[in-house]
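Peer 1: Pasted the sequence and its predicted model underneath.
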Amino acid sequence: MTRRHVRFAATTTILLLILLISIFPAVNSTSILTNHRPPPLILPLTLSHRIPDAKLRRHLQSKRTPPTARMNLFDDLLSNGYYTTRLYIGTPAQEFALIVDTGSTVTYVPCSSCDHCGNHQDPKFQPDHSNTYHPVKCNPDCTCNAENAQCAYERRYAEMSSSSGVLGEDIVSFGNKSELKPQRAVFGCENSETGDLYSQHADGIMGLGRGELSIVDQLVDKGVISDSFSLCYGGMGIGGGAMILGSVSPPSDMVFSHSDPDRSPYYNIELKELHVAGKKLPVDPKVFDGKHGTVLDSGTTYAYLPEGAFVAFIHALTNELHGLKQIRGPDPNYNDICFSGAGSESSELSKAFPTVDMVFENGQKYSMSPENYLFKHSKVHGAYCLGVFQNGKDPTTLLGGIVVRNTLVTYDRERLKVGFWKTNCSELWERLHVSNTSLTHAPTPSSGEVSTPGMSPASTPNAVPSYVIPGGIKVGFITFEMSLSVKDLDLKPRVSELYGFIARELGINITQVHLLNLTSSGNGSLITWAIYPEGSAKYISNATAMRIIAHLAKSNVQLPETFGSYKLVNWKVEPPLKRSWWQQHYLIVVMAVILALTSGLSVYGIWFVWKWRQQTTAQYKPVDSDAIIPEQELQPLR
């Protein structure tokens, strides 16, 4: 969860000390947390007790298919070190940005009573403002606080950050994309945090690991979701993504690996081989089964291999690179392996870097593209560095989020397997044919009302129809107007903050969001936005444009209550701007003028220096005394 460097895991290092706390007997919480350099994996001193057999839960799904909680992911794995989702706690709901972490169990947020909590994205949770909050009272099955009145929790991490507080229970809701109704759940209310937890931008942690305090386990035990969840991380330079609590119908080409909860307290897979450009690494398959085996951790940024596998991987990879130059990494504190000459377009990386395959025990193969093991060099344009490192002397294989970018990963805990499906995570809902966000018809661009944040889409049915963009149309930019109940004078100081929320809600980079106009409208304000293509691109892809429009049209944009209620006044797709000859070529003309002036001044300078040197170095003959003519006196006139 550190933000000191993108190479730190979302939860930074492995849980060093786990206290057995909860309202339930025998509850343990574990987390994989890693630093970038050895030893990146320090396993907890106390492991979880045996996880209840998933077969015991299968009767919950035998007669019906429970709903799912579909939630967006925000931020970017490499620039932030983590992905977050929005969770709403209490009545009325209080919003929080929580790091999704498959290596943690307890979900916790800063509490209003916190004596030492950092300045995070959202206000602290206020139990007194929720009429559905109940403290988890002290009992023999939990560790009590100093007053012996409420169950307490404490988490300490190897890099000395920590979180501690009390356990409470309240209504938890998952946003208006979710089919799952709000549910009561136990969570941690922080009273103190230190280290990286204190300095991070995100509010807290959403625990998706194995354990009775995990949000997944709590929902499964209530019988409201299937014993499964899925994560889909955005691709290189895109960020965002999606999360599904509950089961989804697996695509026909999803590949699976067995995952044994008795093998490790963490989510693991049975990796047997690694292939680089179709060639198997010359290592014993047992190298991937050391200690805790091959572990998946959404809270870890990069991948870490045991020494033997790492050396073989680097050797095989560099043998496949032709025409690339190895260069220094962006940070002198680390010996990163980086290469230049691959070009600036990440979509073209496969022309310079090979495919890497993971082969599982059942023979199925998951193919990774270069974005699954590379990250962009932050100082050299068109250069990339390896996001795969040696795991010190630890024999565990740790696979972080970079390995599964643009991949739907399904943690099917009921059937004890993990599935991988290569896809565009920014378009996941459309690719899975999710009904409440699918685009089914193509009306003329229209205007409509968007529900107030927190309202269910069902409360404003068909407010704005979906919109399909014909394949032949190129989208230059998208504009939309929002009417907010906050006055423009109060809104202007917070516009920069609003930029971030709009970008995160639409799953785009903040640099793509532009404010066109902000005016007063009655007792509120009218604000006009434009969404432009990313970076140097000239167009927004039709698929991306449809996703953005669907998000706007389907009441999926959620803003903090501090911005008041809002309505979507109208939106439309704009073609690329037609530029005049001067607009298209002004930069060339300006550069030509500058070049001409520079050349002229250079020539004049050279001539001036030459003349000056001629004057100072010219040789003059000395006066010849023999040639001097005596001065003649003037003769008087006659």
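Peer 2: Ah, there it is.

Peer 1: From here on, just use CA atoms for contacts and neighbour counts.
Peer 2: Fine.

Peer 1: can you give me the helices in the chain?
Peer 2: 77-80, 196-199, 215-221, 307-319, 428-431, 488-491, 495-506, 542-553, 581-617 (DSSP state H).

Peer 1: Please compute how far the last one lies from its chain's middle.
Peer 2: I take that to be helix 581-617. Relative to the chain's own centre, helix 581-617 is displaced by 48 Å; criterion: Cα atoms, centre = their mean, to the nearest Å.

Peer 1: For the stretch 451-600 of the chain, give me the ranges with low pLDDT.
Peer 2: In the predicted model of the stretch 451-600 of the chain, residues 451-473, 536, 543, 553-556, 577-587 satisfy pLDDT under 70.

Peer 1: please redo it, this time with the cut-off set to 50
Peer 2: 451-467, 471 (pLDDT under 50).

Peer 1: picking that back up, most tightly surrounded among the helices of the chain?
Peer 2: Ranked by mean neighbour count, the helices of the chain are led by helix 77-80 with a mean of 24 (mean count of other Cα atoms under 10 Å).

Peer 1: How confident was the prediction at the spatially most central residue of the chain?
Peer 2: Nearest to the centroid of the C-alpha atoms of the chain, with distances taken as Cα atoms, centre = their mean, sits Asp76, at 1.9 Å. Predicted confidence (pLDDT) at Asp76: the value is 71.

Peer 1: ok, it - contacts?
Peer 2: 82-83, 234, 237-240 (Cα atoms under 8 Å, 6 or more residues apart in numbering).

Peer 1: Closest one of those to Leu98?
Peer 2: The nearest member of the contacts of Asp76 to Leu98, counting by Cα to Cα, is Tyr83 at 8.2 Å.

Peer 1: so who does that closest one touch?
Peer 2: By Cα under 8 Å, 6+ apart, the neighbours of Tyr83 are 10, 73-77, 99-100, 240.

Peer 1: would CSV of these with distance to Pro306 be doable?
Peer 2: As requested, those are arranged in CSV below (distance: Cα to Cα, whole Å):
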residue, distance to Pro306
Ala10, 21
Leu73, 30
Phe74, 31
Asp75, 29
Asp76, 27
Leu77, 23
Ile99, 27
Val100, 26
Gly240, 30
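
Peer 1: Quickly name whichever of those is closest to Lys181.
Peer 2: Of all those, Leu73 has the smallest distance to Lys181: 19.2 Å, by Cα to Cα.

Peer 1: ok, that closest one - how many residues close by?
Peer 2: Neighbours of Leu73 under the rule other Cα atoms under 10 Å: 29.

Peer 1: That one: what's it in contact with?
Peer 2: Counting by Cα under 8 Å, 6+ apart, the residues that Leu73 touches are 83-86, 233, 240-243.

Peer 1: can you redo the helices of the chain as JSON lines with distance to Ser162?
Peer 2: Formatted as JSON lines, the helices of the chain follow (distance: least, Cα to Cα, whole Å):
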{"stretch": "helix 77-80", "distance to Ser162": "19"}
{"stretch": "helix 196-199", "distance to Ser162": "7"}
{"stretch": "helix 215-221", "distance to Ser162": "20"}
{"stretch": "helix 307-319", "distance to Ser162": "30"}
{"stretch": "helix 428-431", "distance to Ser162": "35"}
{"stretch": "helix 488-491", "distance to Ser162": "36"}
{"stretch": "helix 495-506", "distance to Ser162": "28"}
{"stretch": "helix 542-553", "distance to Ser162": "37"}
{"stretch": "helix 581-617", "distance to Ser162": "53"}
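
Peer 1: and Asn148, how many neighbours does it have?
Peer 2: Counted with other Cα under 10 Å, the neighbours of Asn148 add up to 12.

Peer 1: Ok, the one 3 residues further on next?
Peer 2: For Cys151, the count of nearby residues is 26 (other Cα under 10 Å).

Peer 1: for this structure, what are the low-confidence residue spans?
Peer 2: Scanning the chain for pLDDT under 50 picks out the ranges 1-63, 435-467, 471, 620-621, 623, 625, 627-629, 631-635, 637-638.

Peer 1: which one of the contacts of Tyr83 is nearest Gly211?
Peer 2: Lowest distance from Gly211 to the contacts of Tyr83 (Cα to Cα) belongs to Val100, with 15.3 Å.

Peer 1: That closest one - nearest residue in space that isn't next to it in sequence?
Peer 2: Met206 (5.1 Å; Cα to Cα, 6 or more residues apart in numbering).

Peer 1: Pretty sure the one you found sits against Ile215.
Peer 2: Yes. The pair Met206 and Ile215 qualifies as a contact (Cα atoms under 8 Å) at a distance of 7.4 Å.

Peer 1: so what's in contact with those two at the same time?
Peer 2: Common contact partners of Met206 and Ile215 (Cα under 8 Å, 6+ apart): 105-107.
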